[in-house]
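Novice: Any chance you could fold what I've pasted below:
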Amino acid sequence: MRIGTPKYRQILEAIKTDIVSGRYQPGQKLPSETALLKRFETSRITVGRALRELQLAGLIERRAGSGSYVGTGPADDSGLLFGLLFPNVADTEIFGPISQGMSEAPQASKHALLWGNLTPDPATKADQTWKLCQQYIRKKVAGVFFAPLERGADSDETNQRIIFALERAQIPVVLLDRCFLPYPDRSRHDLVGIDHRRAGYMITEHLFKLGCRRIAFFAYSNSASTVAARIAGYREALFVYGMPIEAVLVQSLDSGDEHEIRRLMEMLKPDAIIGANDRTAGHLMHELIHLGYRIPLDIRMVGIDDVEYAKLLPVPLTTVHQPCREIGAAAVGAMLERIARPEMPIRDILLDSKLVIRDSCGATLTPEVQP
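Specialist: Numbering: from 1, shown residues only. Just a heads-up that it's a prediction; the model follows:
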C-alpha cells in the first residue's frame, strides 16, 4: 500500500485481495464489522465506508441483520500481476520447475506472472537484474518473487539495491531458495525453500552409514549462501558421528578442470565426495571418470537438488530431492497471504526434502552399516 493511502482504502484493498486470491469464496460470509475493527485497528465509520465501496464495486453483498458476503455475480477477475526475478535461471536447473509450480498453483489461476528477459551473460547480469526490477516497479506489480544473485563480485550490492527499491515502492517480496543476507542475519521478507543444512546433514549421514569415513565436500568459489548451509549440515554430521572435522576436506573449486581435480584427489584421498549441488557433482563425475576413477568402486559420489539430468549421468547420481514445483506453489500461497496480511510475522517456509538413492553412492554394492 502506498504511503498516504486513506485507511478505508487500505481496508478495501486488503479485503479485495482476499476475494481475488480465493481466500474468501463466492457466497462466503466475511468477518463481522467487529472483527474488521479489531483487525485493522480503526473506527466503525472507516470500516463501513470500505464495505460500501466494495458493495458498489459488486464484490460483496450487504444483507441487513446478517452481514457482508462475497458477491456471487460477475466480479473483478483481472487478478494480480507478479514479477519473477530469477537472475540465475541459466546457472541452475531449479528455477525452471519452481516457476512451473508457480504457474500450476491453484491460487495462481486468477493472476499473471511476468517474467522479464535476462540473457545469460554473467558480465551484465547484475545490471540486467536491476533494470528488470525497475520495470516491475514502473508496472506497479503486486509483488516480486526474487531469487537473489550469486557468484558475482557485485551480487551482494545488487541484491541490497533491489530489495531497497522494492521496499521503497512498498512491493511485497517473497524470496526463493535463499536469503540475500549472510547467516545469521535475516531479511524482512518471507522465504520459501528447503532446509539446506538438513540436506547437507542427510546426504553426509547416508555416506557414513555406507561405511565412508573420509568424505570431501566440493563446491565452486563464490557459491550461494545455501552452499554454506549445506556445508554446516555436513560438518554437523561429522561431529555427531564422531569424525574429525578437517577444514581441508571442504574445497572451493576454481576451474574444476582435470589438473585441479587430480591434484585434490591426490592430496585428500577421499573415499566419498559430496557435490554442493548436482551440477557440481555431475561435473566432478565426468572429470573423475576421465581420470580413470570407477564410480562407485573407487570413489562414492552424491549431490543435492535432484535436477532432471541427475539420473541420466554416466553413473546415476544419489542426491537429495528438492521439491521445486511444490516450492513454487508454496511461494504463490505465501505471497497472497502476505498481501492479505501484511502484519504477519516474517516466515521461513521450508519444505521437506527426501534422499534419492541411485548407483553413484554404491548403496547397492555395500549393505548399510551403522558407524
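Novice: Contacts for the helix or strand of the chain with the lowest mean pLDDT, please.
Specialist: Of all the helices and strands that make up the chain, helix 7-20 has the lowest average by mean pLDDT, DSSP states H and E, namely a mean of 83. Helix 7-20 has contacts (Cβ atoms under 8 Å, 6 or more residues apart in numbering) with 1, 5, 24, 30, 36, 40, 42, 46-47, 49-50, 53-54, 57, 59-60, 70, 75-77, 79-80, 110-111, 336, 339-340, 342. For glycine as for every other residue, the C-beta is placed from the backbone atoms N, C-alpha and C.
Novice: In ChimeraX, how would I select just the buried ones from the residues you listed?
Specialist: In ChimeraX, a selection of the buried entries from those looks like this (16 or more other Cβ atoms under 10 Å):
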select :24,30,36,40,42,46,47,49,50,53,54,59,60,70,75,80,110,111,336,339,340
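Novice: returning to that earlier point: buried stuff in the least confident helix or strand of the chain?
Specialist: Neighbour-count burial for helix 7-20 flags 7-12, 14-20 (criterion: 16+ other Cβ under 10 Å).
Novice: export these to TSV and tack on distance to residue 131?
Specialist: Formatted as TSV, the buried residues of helix 7-20 follow (distance: Cβ to Cβ, whole Å):
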residue	distance to residue 131
7	35
8	36
9	31
10	31
11	35
12	33
14	31
15	35
16	31
17	28
18	33
19	34
20	29
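Novice: ok, of those residues, which one's closest to residue 223?
Specialist: Distance to residue 223 across those (Cβ to Cβ) is lowest for residue 17, with 36.9 Å.
Novice: That closest one and residue 339, how far apart?
Specialist: For residue 17, the distance to residue 339 equals 5 Å [Cβ to Cβ, to the nearest Å].
Novice: what sits against residue 303?
Specialist: 203, 274-275, 277-278, 280-282, 310, 317-320.
Novice: among those residues, which are in strands?
Specialist: Per DSSP state E, strands hold the following members of the contacts of residue 303: 274-275, 319-320.
Novice: pLDDT weak spots in the stretch 151-300 of the chain?
Specialist: Residues of the stretch 151-300 of the chain that meet the criterion pLDDT under 70 lie in 151-153.
Novice: what about the strands in it?
Specialist: Counting by DSSP state E, counting those that start in this stretch, the stretch 151-300 of the chain has strands at residues 173-176, 190-194, 215-220, 250-253, 272-275, 300-302.
Novice: Mean neighbour count for the ones you listed - can I get that in TSV?
Specialist: Below are these laid out as TSV (neighbours: other Cβ atoms under 10 Å):
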stretch	mean neighbour count
strand 173-176	24
strand 190-194	24
strand 215-220	22
strand 250-253	17
strand 272-275	29
strand 300-302	27
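Novice: Indicate which one of the ones you listed is closest to residue 346.
Specialist: Nearest of the strands of the stretch 151-300 of the chain to residue 346, taken as Cβ to Cβ: strand 190-194 at 6.1 Å.
Novice: Parallel or antiparallel, list what pairs with that closest one.
Specialist: strand 173-176 (parallel), strand 348-351 (parallel) (DSSP bridges).
Novice: Which other helices and strands does the next helix or strand after the last one contact?
Specialist: The first helix or strand that comes after strand 348-351 along the chain, using DSSP states H and E, is strand 354-356. Contact partners of strand 354-356 among helices and strands, from 3 or more Cβ pairs under 8 Å, 6 or more residues apart in numbering; DSSP states H and E: helix 196-209, strand 319-321.
Novice: Report all helices and strands that the first one contacts.
Specialist: Yep, that's helix 196-209 we're talking about. Packed against helix 196-209 by the contact rule (3+ Cβ pairs under 8 Å, 6+ apart) you find strand 215-220, helix 225-240, strand 272-275, strand 300-302, strand 319-321, strand 354-356.
Novice: List of residues touching the third one?
Specialist: For strand 272-275, contacts defined as Cβ under 8 Å, 6+ apart pick out 200, 203-204, 207, 210, 212, 214-219, 234, 281-284, 299-304, 361.
Novice: picking up where we left off before, closest one of the buried residues of helix 7-20 to residue 64?
Specialist: Of all these, residue 64 sits closest to residue 15, with 19.4 Å by Cβ to Cβ.
Novice: how much space between the closest one and residue 353?
Specialist: On the measure of Cβ to Cβ, residue 15 and residue 353 end up 37 Å apart.
Novice: again with residue 225
Specialist: Distance of residue 225 to residue 353, given as Cβ to Cβ: 17 Å.
Novice: who has more neighbours, the two?
Specialist: Taking other Cβ atoms under 10 Å, residue 225 and residue 353 do not tie; residue 353 has more neighbours (22 against 17).
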